[in-house]
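Participant: Just a sequence and a predicted model for now, questions to come.
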Amino acid sequence: MTISQCEDVSVQLTTNYSPFEIGSIIESDGLRNGDDYKDATLYFPLNDNENLKSIVLVPGYQATQNSVALWAEYLAKRGIVSMTIGTNSLNDLPAVRADALIDAMETIRQENERVSSPLYHKIDINNIAVGGWSMGGGGAQLAAKLNPNIKAVLSITPWLWPNTLSESDLNHNSPLLIISGEVDTIAPNNQHSNVHYNYTPNSTPKLLFEVSDADHNIPLDPSTSNEDLGNIVYAWLQLFLHGDMCYCDLLEMDLLDQNSTASN
């Protein structure tokens, strides 16, 4: 990227964007029903763009796909195809949620080939990210270990068994963004997010963004602190799904963390 090419990428333009109108489809509309998850909703921007990037989001323990819908709707408004999935059991453990995410990636690939889909031949099937909240966030990291084709990981207040977690579990190359909460008592950072960050290889692009005064649930809202949270995630996906290096500089904390949202 040249300097002139990056002039259109700034904190001001990233923050003051014009959202796309969005549509959504579910399984009764023809969306594939994967064996490893239960129910899905695919949100997409209503524009004429092709080569759309995508992300799959899975919820946490005892939660439904609605818990991660705010992120899916937000990212779709910013031009990223976003699918939420449920789990076959609300009690599914992180490893099962990892399988669900990988199965859902196949659903996105098949949606690109479904002739009656509004996204027919509009999805870039080679650039798919995964994400999740709590056990789903932990599952997203495990999915990256299982599937090296995952282009980026969004792990929101992630939870993995702390007593059995090892560095080998998180030995993957998928760029990892962890969003944690400073006062999270369900997945305390010294047992979860910080450990996950440290266990991910230093050769893997990784970023931890700890939200000041946030509990386990606040990071589920991308509008937190005038969309500081949403902007960080958007910039991360632009960098690693689109390969737009202009967003690398924007990920410096003193730029996108305009409202002192991060405590770490």
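Facilitator: Great, that's in hand. Numbering: from 1, shown residues only.

Participant: those helices in the stretch 1-150 of the chain, which residues are they?
Facilitator: 3-6, 11-15, 69-77, 94-113, 135-146 (DSSP state H, counting those that start in this stretch).

Participant: any idea of the pLDDT on T2?
Facilitator: T2 is assigned 48 on the pLDDT scale.

Participant: Contacts only, for the closest residue in space to R32 that isn't next to it in sequence.
Facilitator: Among residues not flanking R32 along the chain, T107 sits closest, at 4.3 Å (CB to CB, 6 or more residues apart in numbering). Backbone N, C-alpha and C define where each C-beta goes, glycine included. Shown in contact with T107 (CB atoms under 8 Å, 6 or more residues apart in numbering): 31-32, 34, 40, 83.

Participant: ok, so what distance separates T107 from N66?
Facilitator: Counting by CB to CB, to the nearest Å, the gap from T107 to N66 is 18 Å.

Participant: Next: N171.
Facilitator: Applying CB to CB, the value for N171 to N66 is 33 Å.

Participant: hang on, the earlier thing: of the contacts of T107, buried ones?
Facilitator: Among those, those classed as buried by 16 or more other CB atoms under 10 Å are 31-32, 34, 40, 83.

Participant: out of these, who's nearest K151?
Facilitator: Comparing the buried ones among the contacts of T107 against K151 with CB to CB places M83 closest, at 14.8 Å.

Participant: so the closest one makes contact with D39?
Facilitator: No: with contacts counted by CB atoms under 8 Å, M83 stays clear of D39, the gap being 10.8 Å.

Participant: Could you list the low-confidence segments of the chain?
Facilitator: 1-4 (pLDDT under 70).

Participant: Next up, the contacts around the residue nearest to D228 when sequence neighbours are not counted.
Facilitator: Nearest in space to D228, with sequence neighbours left out and distances taken as CB to CB, 6+ apart, is T261 at 4.0 Å. T261 makes contact with 209, 211-212, 224-225, 228-229, according to CB under 8 Å, 6+ apart.

Participant: again, only using 6 Å
Facilitator: 211, 225, 228 (CB atoms under 6 Å, 6 or more residues apart in numbering).

Participant: Inside helices: which ones of these?
Facilitator: Mapping the contacts of T261 onto helices (DSSP state H) picks out 225, 228.

Participant: got the residue ranges for the helices in the stretch 151-264 of the chain?
Facilitator: 193-199, 224-240, 246-250, 253-256.

Participant: Name the residues that touch the shortest one?
Facilitator: Residues lying outside helix 253-256 but in contact with it, judged by CB under 6 Å, 6+ apart, are 11, 231-232, 250.

Participant: Could you pull out the buried residues of it?
Facilitator: For helix 253-256, by 16+ other CB under 10 Å, it's L256.

Participant: contacting residues for A95?
Facilitator: Counting by CB under 6 Å, 6+ apart, A95 makes contact with L142.

Participant: again, but for the one 4 residues further on
Facilitator: For D99, the contacting residues are D36, taking CB under 6 Å, 6+ apart as the criterion.

Participant: I'd like the distance between it and P45.
Facilitator: 28 Å.

Participant: just the strands in the stretch 151-264 of the chain please.
Facilitator: For the stretch 151-264 of the chain, the strands defined by DSSP state E, counting those that start in this stretch occupy 153-156, 176-181, 206-211.

Participant: got the ones you listed as TSV, with mean neighbour count columns?
Facilitator: Converted to TSV, these look like this (neighbours: other CB atoms under 10 Å):
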stretch	mean neighbour count
strand 153-156	30
strand 176-181	26
strand 206-211	21
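
Participant: Including distance to Q141, could those strands go into TSV?
Facilitator: Below are these laid out as TSV (distance: least, CB to CB, whole Å):
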stretch	distance to Q141
strand 153-156	6
strand 176-181	7
strand 206-211	10
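
Participant: out of those strands, which comes closest to R78?
Facilitator: Judged by CB to CB, the one of those that comes nearest to R78 is strand 153-156, at 13.4 Å.

Participant: send the alpha carbons of that closest one over as PDB?
Facilitator: Presented in PDB, the C-alpha positions along strand 153-156 are these (Å, rounded to 0.1, in the frame of the first residue of the first chain):
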ATOM      1  CA  VAL A 153     -10.500 -15.200  14.900                       C
ATOM      2  CA  LEU A 154     -12.700 -13.000  17.100                       C
ATOM      3  CA  SER A 155     -12.700 -14.300  20.600                       C
ATOM      4  CA  ILE A 156     -15.100 -12.300  22.900                       C
END
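
Participant: No further queries at this time; thank you.
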